[in-house]
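Participant: Give me the fold of what follows.
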Amino acid sequence: MKRPRYLLAACALVWAAAGSACHQGDPDALWKIVHQRCVPDQQQHGNPAPCALVDLAHGEEQGYAVLKDRNGPTQFLLIPTAPLSGIESPALLAADAPPYFAEAWGARSFVERAAQRSLPREAIGLAINSRYGRSQNQLHIHIDCLKPEVREALHAHLGEVGEHWALLDVPLAGRRYRAMRISEAAFDRANPFALLADAPAGMARHTLVVAGAIFEDQTPGFILLDDSADLWRLDRGHGEDLQSHSCS
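Facilitator: This is a model prediction of the structure:
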């Protein structure tokens, strides 16, 4: 069915307005903090400040930094020390791509320190937004607690999540996500970006969330969640919406 041109124009304006609030400020701020401050401080003084951690064990091209986000008391960001624009970066699909999601999961300890208590794995989520739902030009993974209602919905529908992508039969933060499960052992070897690479839309439109899980047989693992930006649904592909940014 053809959409009237005036409706297309109106939707485009609404889309632009919805995105403008998320694109205020310097879109290169994260890159400048990591590249101009954290990495030099680590290299010259052994101190990653203002980052919480800089790992250059395999060089800057394979390294990453962990930075406290200014939003929320417990939110941290994992940021590659190599220049990568975002989820659409082809380098993320390379065979030797660093395991950024696995490193982000390891960095959940910073969230626990900020929350001043240990947290169950089901409480933690990792999120990367689509190109249309992000405010920065440098790839970054949000590390924080999931919203309680998201955590409860995933637990209630755990039996519906299989080993292949399928639409989850419950909305999460008002959006419909595809979901698949992966064991902890497989996650350490897998590249979640590559698991999403056959998505029906281009990678730039997708958001990817990794939620900690305990499966029915009590083994630890993860639920991968995928949504894509959609003009008609005013969906910017903002998986960060599943996080609470407060581990209260």
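Participant: got any ranges where this protein has weak pLDDT?
Facilitator: For the chain, residues meeting the criterion pLDDT under 70 lie at 1-24, 199-201.
Participant: all helices for it, in order.
Facilitator: 5-20, 29-33, 39-45, 100-106, 108-115, 148-156, 184-189, 192-196 (DSSP state H).
Participant: closest one to residue 132 among these?
Facilitator: Smallest distance to residue 132 across the helices of the chain (C-beta to C-beta): 6.3 Å, for helix 5-20. Backbone N, C-alpha and C define where each C-beta goes, glycine included.
Participant: Please name the bridge partners of the spatially closest residue to residue 142 that is not a sequence neighbour.
Facilitator: Leaving aside its chain neighbours, residue 142 sits nearest to residue 127 (4.4 Å; criterion: C-beta to C-beta, 6 or more residues apart in numbering). Note on residue 127: beta-bridge partners by DSSP bridges are residue 142, residue 209.
Participant: Count residues in the vicinity of residue 83, would you?
Facilitator: By other C-beta atoms under 10 Å, 16 other residues sit near residue 83.
Participant: my read: it touches residue 138, true?
Facilitator: Yes. Using C-beta atoms under 8 Å, residue 83 makes contact with residue 138 at a distance of 6.9 Å.
Participant: Now do the shared contacts for the two.
Facilitator: Here residue 83 and residue 138 share the contacting residues residue 31, scored by C-beta atoms under 8 Å, 6 or more residues apart in numbering.
Participant: follow-up on the earlier one: out of the helices of the chain, which is closest to residue 174?
Facilitator: The minimum distance between residue 174 and the helices of the chain falls on helix 148-156, with 10.7 Å, by C-beta to C-beta.
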